[in-house]
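Peer 1: would you be able to build a 3D model of this:
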Amino acid sequence: MEIAKYENIRIGQHAEYVRTVTSEDIEMFGQVSGDYNPLHFNEDWAKKTMFKGRIAHGILTATYVSTVVGMKLPGPGTIYMSQSMKFRQPVRIGDTITARVEVTDKNDEKEFLTLKTVCINQEDKVVLDGEAVVTLMRMDRM
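Peer 2: Here you go, the predicted model:
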């Protein structure tokens, strides 16, 4: 697997990852995170909330952004410095989420990249948006 290089990244470059959320995804995320909020696991309880049914963990949706950042753009060797997020819409079982990352700025002095991060559902509704600052591992410094 090739490590991403700062000099190969350009402003405007973008990449996506698409995933349909399943009940199994929510179950596994609960096991890994320890977050068993009934909003994610108990349909009867969740029906009584403002969401009118179960929803996925917001942070599960955010992991799709991490997938793009770590595997596609910038790609392997990327190190998160920061990530801001706003959760705009709930994500439900069966929703198909497209996580999109776009390079919006480069800081050549620090070799930091600023990324616009967004997740959109199958109805083209933004469910999550934010901004990340990342840097890349330099293999010549190791």
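Peer 1: looking at it, T67 is touching A99, isn't it?
Peer 2: Yes. Assessed by Cβ atoms under 8 Å, T67 is found in contact with A99 at 6.6 Å. Bear in mind the C-beta positions are built from the backbone N, C-alpha and C, glycine included.
Peer 1: between the two, which contacts overlap?
Peer 2: Y17 (Cβ atoms under 8 Å, 6 or more residues apart in numbering).
Peer 1: among the two, which residue is more densely surrounded?
Peer 2: A99 (25 against 16; other Cβ atoms under 10 Å).
Peer 1: secondary structure element for the most centrally placed residue in the chain?
Peer 2: Centroid check for the chain by Cα atoms, centre = their mean gives V65 as the closest residue, at 2.0 Å. Element membership of V65 [criterion: DSSP states H and E] is helix 58-71.
Peer 1: which sections of the protein are below the confidence cut-off?
Peer 2: Applying pLDDT under 70 to the chain picks out residues 139-142.
Peer 1: now the helices for it?
Peer 2: Using DSSP state H, the helices of the chain run over 23-33, 38-41, 43-47, 58-71.
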